[in-house]
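# Please find the sequence and the predicted model below.
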Amino acid sequence: MILVSSCLAGFAVRYDGADARNEIAQWLVERGQAISACPEILGGFGIPRPPAEIRGSDQNVQGRRRVFECSGGEVSDAYELGARRALDIVKRNGITVAFLKDRSPSCGVDLIYDGSFRGVKIAGMGIAAKLFADNGVKVFPDTRLDVRTVLPYVDAELRGDLERSFPY
C-alpha cells in the first residue's frame with residue numbers, strides 16, 4: 001500500500017486552500033492503491049492557515065526541529081502531532097512507501113523552506129517525512145511521482161492499466 005499527500009490526490013488542503021493535484025496520485029487513490037493523508041490537517045490545522053516553515057537547524061531543548069508560522073508563532077507541537085497521527089495510519093495499513101509534497105514543512109522529502117519566509121529552499125525533510133523515513137517507510141518527493149517509480153508498488157493486476165493510463 002502507498003501513502004500520498006492529500007493535496008497530491010486533489011484535495012484542497014494546502015495552507016492556501018488549494019490542492020497540488022497529481023493525476024497519478026489521484027489514480028492510485030481512486031483504485032485503492034493508495035491512501036491519502038495530510039499531516040497538517042491531522043495535527044489540527046484548518047484550511048486556509050498561515051504559511052509555516054522549519055527554521056534551518058533551530059532546535060528546542062529536546063532536540064526537536066521547530067516550526068513557525070509567518071506571524072512568528074511556534075506550531076511545532078501540532079506538526080509533530082500530525083506526523084505521529086499520519087504514522088499511525090501508515091502502520092495500521094502496512095504502508096511501505098509514501099509520495100509526499102516536497103518543500104512542505106510536513107511532507108518535504110528533498111527540500112524545505114529555510115524559515116525566513118523569503119522563498120529560500122534548502123535541503124531537508126519535513127516533520128512527517130522524516131518520521132516516516134525513520135520508521136522504515138521509503139519516501140519520495142512529488143517530483144518523482146511518475147509511472148516508473150510507482151509501478152513496483154501497484155498491485156500486479158493494475159500495472160497494465162496504470163501504464164496504459166499514463167504512457168511513458
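On my side now, so go ahead. Numbering: from 1, shown residues only.

# What residues sit buried inside stretch 107-124?
With burial defined by 16 or more other C-beta atoms under 10 Å, the residues of stretch 107-124 counted as buried are 107-115, 124. Where C-beta positions appear, they are placed from N, C-alpha and C, glycine not excepted.

# And those, which two are furthest apart?
Using C-beta to C-beta, the two most remote members of the buried residues of stretch 107-124 are 109 and 115, lying 17.7 Å apart.

# Check the contact between residue 111 and residue 120; I expect there is one.
No. The criterion here is C-beta atoms under 8 Å, and residue 111 misses it with residue 120 at 10.3 Å.

# Just say helix, strand or coil for residue 35.
strand (DSSP: H, G, I helix; E, B strand; the rest coil).

# Can you tell me the element residue 29 falls in?
Using DSSP states H and E, residue 29 sits in helix 23-30.

# So what touches that helix?
If you take C-beta atoms under 8 Å, 6 or more residues apart in numbering as the criterion, helix 23-30 is touched by 2, 4-5, 8-10, 33-36, 99, 142, 145-147, 150, 154, 162, 165-166.

# How much space separates residue 98 from residue 38?
Distance, residue 98 to residue 38, by C-beta to C-beta, to the nearest Å: 12 Å.

# for residue 91, same thing?
17 Å.

# ok, these two, which is more surrounded?
Between residue 91 and residue 38, counting by other C-beta atoms under 10 Å, residue 38 is the more crowded of the two (24 against 12).

# where along the chain do the strands fall?
2-5, 34-37, 52-59, 65-69, 97-100, 111-113, 121-123, 138-141 (DSSP state E).

# Most tightly packed of those strands?
Counting by mean count of other C-beta atoms under 10 Å, strand 2-5 has the highest mean neighbour count of the strands of the chain, with a mean of 27.
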